[in-house]
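[1] need coordinates for the following:
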Amino acid sequence: MVPRCQIEVLYFAKSAEIAGVRSETISVPQEIKASQLWQELETLHPGLADVRNQVIFAVRQEYVELGDQQLLLQPGDEVAIIPPISGG
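    I've put the predicted structure just below:
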């Protein structure tokens, strides 16, 4: 069985509105795909499904798309839900 760890999830912009919180601590498997982590968050806050295609994660301040990348999380890691960043 994969060990679980507590991580801090930070919500910004629309994701914070949907979740109703700016941050929360959740328990997830230490080894988890980015897409599976998003599924865990959608289970907690079903409305997040609306922004799934508009956000990316920042794990330890490194950007990660919501795909099949394997994440190796450490207890206390911060995972931020980053809204679209407009550039130009």
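
[2] could I get the full set of helices for this protein?
    13-19, 34-44 (DSSP state H).

[3] quick one: closest of these to residue 82.
    Checking the helices of the chain against residue 82 by C-beta to C-beta gives helix 13-19 as the closest, at 8.6 Å. C-beta here means a position set from N, CA and C on the backbone, and glycine is covered the same way.

[4] outside of the closest one itself, list whatever touches it.
    If you take C-beta atoms under 8 Å, 6 or more residues apart in numbering as the criterion, helix 13-19 is touched by 11, 22, 44, 45, 47, 48, 50, 51, 54, 55, 81, 83.

[5] which one of those residues is nearest to residue 67?
    Distances from residue 67 to the contacts of helix 13-19, taken by C-beta to C-beta, are shortest for residue 55, at 12.6 Å.

[6] does the closest one really touch residue 64, like I thought?
    No - in this structure residue 55 lies outside contact range of residue 64 using C-beta atoms under 8 Å: 10.8 Å.

[7] so the two - more neighbours on which side?
    residue 55 (20 against 16; other C-beta atoms under 10 Å).

[8] what is the neighbour count of the closest residue in space to that one that isn't next to it in sequence?
    Spatial nearest neighbour of residue 55, chain neighbours left out: residue 81 (5.3 Å); criterion: C-beta to C-beta, 6 or more residues apart in numbering. Here the count is done by other C-beta under 10 Å, and residue 81 has 23 residues near it.

[9] how much space between residue 81 and residue 68?
    18 Å (C-beta to C-beta, to the nearest Å).

[10] hmm, back to that, list residues touching both of residue 55 and residue 64?
    Counting by C-beta under 8 Å, 6+ apart, nothing touches both residue 55 and residue 64.

[11] residue 50 versus the residue nearest to residue 55, what's the distance?
    13 Å.

[12] and what of residue 10?
    19 Å.

[13] comparing those two, which residue is more hemmed in?
    Taking neighbours as other C-beta under 10 Å, residue 10 and residue 50 compare with residue 10 leading, 16 against 12.

[14] need phi/psi at residue 65.
    phi -80, psi 160 (degrees, to the nearest 10).

[15] which residue, other than its chain neighbours, is closest to it?
    Nearest to residue 65 is residue 56, by C-beta to C-beta, 6+ apart, at 5.4 Å.
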